[in-house]
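> okay, structure incoming, though there's no sequence with it:
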Ligand SMILES: Nc1ncnc2c1ncn2[C@@H]1O[C@H](COP(=O)(O)OP(=O)(O)OP(=O)(O)O)[C@@H](O)[C@H]1O
Ligand code: SF4
Ligand SMILES: [Mg+2]
């Protein structure tokens, strides 16, 4: 199980004289139970990749706790936990080293060639592709290599950050089918990060919705439908916020269900049932 408790992540905004800072994540509490498929969704800039980097232990939070199986992850022990989680990011053409053949990339993850051949069979990579460099592979083939690389060290968790977004529809469907197939051999805990709520909804058991670095709704797909007007609008592919309300609820300017209090008041989490909570005054 992975847990984040009161996690904040602050970045300095680059610039020679700039001292500005931005909170990419604010007060994040997340629980990822073993074997579950977790969807993390939100629009561009919501903090999804930042959250993905913290969950995959590529970055540490500015404050707050990261726990793997109830053990606190620190700078000193982070390497021990990093093996447990494989990560695949959006653009395989930048995440794969252009100087390396596919085989060399996979050998870095696990030097044993027999394990590499077995993995390639599992993720449907033909042997003849292994001598090629990334620019000689299609987007779908590159992403299969990236998935094979993430799976070779035998992780418990697989985090996919917009892993299919750069692919055309049919290749995207093939990769999604592949993720379902590999999960039949071994039940992975998937963390599926996407701007596409419909896709995340299809794959995930439990959904976290992010906006402006905060979680605004959490629900269990099997038992519940989303209730937050913002999440509902994402599901309908509605055009969302052009100018966010800075004082009260971020969604006030476009929300069809807004009340007076939403203009200046910030809603806090309301627990609807044991597996559903959201920040919206309609449920206060
Ligand atoms: N290394 C960094 N330095 C400074 N600011 C950063 C850094 N990484 C992210 N940010 C900022 O943090 C916020 C969240 O970024 P993040 O990449 O996590 O969003 P995202 O939800 O993944 O967006 P997208 O859908 O476009 O990938 C953004 O405002 C971004 O500009
Ligand atoms: S708090 Fe108010 S403005 Fe915000 S989503 Fe709920 S009803 Fe709409
Ligand atoms: Mg991102």
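On my side now, so go ahead. Keep in mind the model is a prediction, meaning the values are calculated, not measured. Ligands and ions are numbered 1, 2, ... in the order given.

> other SSEs contacting the helix-or-strand element of the chain with minimal mean pLDDT?
Least confident element among the helices and strands of the chain, by mean pLDDT, DSSP states H and E: helix 92-95 (a mean of 76). Applying 3 or more CB pairs under 8 Å, 6 or more residues apart in numbering; DSSP states H and E, we find helix 92-95 packed against helix 139-151. C-beta coordinates here come from the backbone N, C-alpha and C atoms, glycine included.

> can you give the contact residues for the helix it packs on?
86-89, 92-93, 95-96, 102, 105-106, 108-109, 116, 119-120, 122-125, 129, 134, 137, 158, 163-164, 166-168, 171, 174-175, 178-179, 182 (CB atoms under 8 Å, 6 or more residues apart in numbering).

> follow-up on the earlier one: what comes up buried for the least confident helix or strand of the chain?
For helix 92-95, a neighbour-count test (16 or more other CB atoms under 10 Å) marks 92, 95 as buried.

> just to revisit the earlier point, just the buried ones from the contacts of helix 139-151?
So, by 16+ other CB under 10 Å, the buried ones in the contacts of helix 139-151 are 86-89, 92, 95-96, 102, 105-106, 109, 116, 119-120, 122-125, 129, 134, 137, 158, 163-164, 166-167, 171, 174-175, 178-179, 182.

> so which of the residues you listed reach ligand 3?
When CB under 5 Å from the ion is applied, no member of the buried ones among the contacts of helix 139-151 is adjacent to ligand 3.

> narrow those to those in helices?
Counting by DSSP state H, the part of those found in helices is 92, 95, 102, 105-106, 109, 116, 119-120, 122, 171, 174-175, 178-179, 182.

> which one of these is nearest to ligand 2?
residue 179 (32.2 Å; CB to the nearest ligand atom).

> let me know the pLDDT of that closest one.
If you check residue 179, the pLDDT there is 83.

> so, low pLDDT: which residues of this protein?
Residue ranges of the chain with pLDDT under 70: 16-18, 239.

> can you rerun that using 80?
14-19, 91-94, 166-167, 185-186, 237-241 (pLDDT under 80).

> excluding chain neighbours, give the residue nearest to the residue in it that ligand 3 sits nearest to in space.
At 3.2 Å from ligand 3, residue 49 is the closest residue in the chain, using CB to the ion. Once flanking residues are discounted, residue 49 sits nearest to residue 161: 5.7 Å by CB to CB, 6 or more residues apart in numbering.

> next one: residue 169 from residue 67, what distance?
Residue 169 is 38 Å from residue 67, where distance means CB to CB, to the nearest Å.

> and the two? Which one has more around it.
residue 67 (15 against 8; other CB atoms under 10 Å).

> now do the strands in the protein.
With DSSP state E as the criterion, the chain has strands at 2-12, 21-32, 37-41, 63-68, 71-72, 85-88, 157-161, 189-194, 206-211, 214-220, 270-273, 276-278.

> redo the ones you listed as TSV? Include distance to residue 227.
Converted to TSV, the strands of the chain look like this (distance: least, CB to CB, whole Å):
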stretch	distance to residue 227
strand 2-12	23
strand 21-32	19
strand 37-41	15
strand 63-68	26
strand 71-72	33
strand 85-88	31
strand 157-161	26
strand 189-194	20
strand 206-211	11
strand 214-220	7
strand 270-273	7
strand 276-278	6
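
> same list, the ones you listed, but as a markdown table with distance to ligand 2 please.
Shown next, in a markdown table, are these (distance: least, CB to the nearest ligand atom, whole Å):
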| stretch | distance to ligand 2 |
| --- | --- |
| strand 2-12 | 22 |
| strand 21-32 | 17 |
| strand 37-41 | 16 |
| strand 63-68 | 25 |
| strand 71-72 | 34 |
| strand 85-88 | 32 |
| strand 157-161 | 26 |
| strand 189-194 | 21 |
| strand 206-211 | 10 |
| strand 214-220 | 8 |
| strand 270-273 | 10 |
| strand 276-278 | 8 |
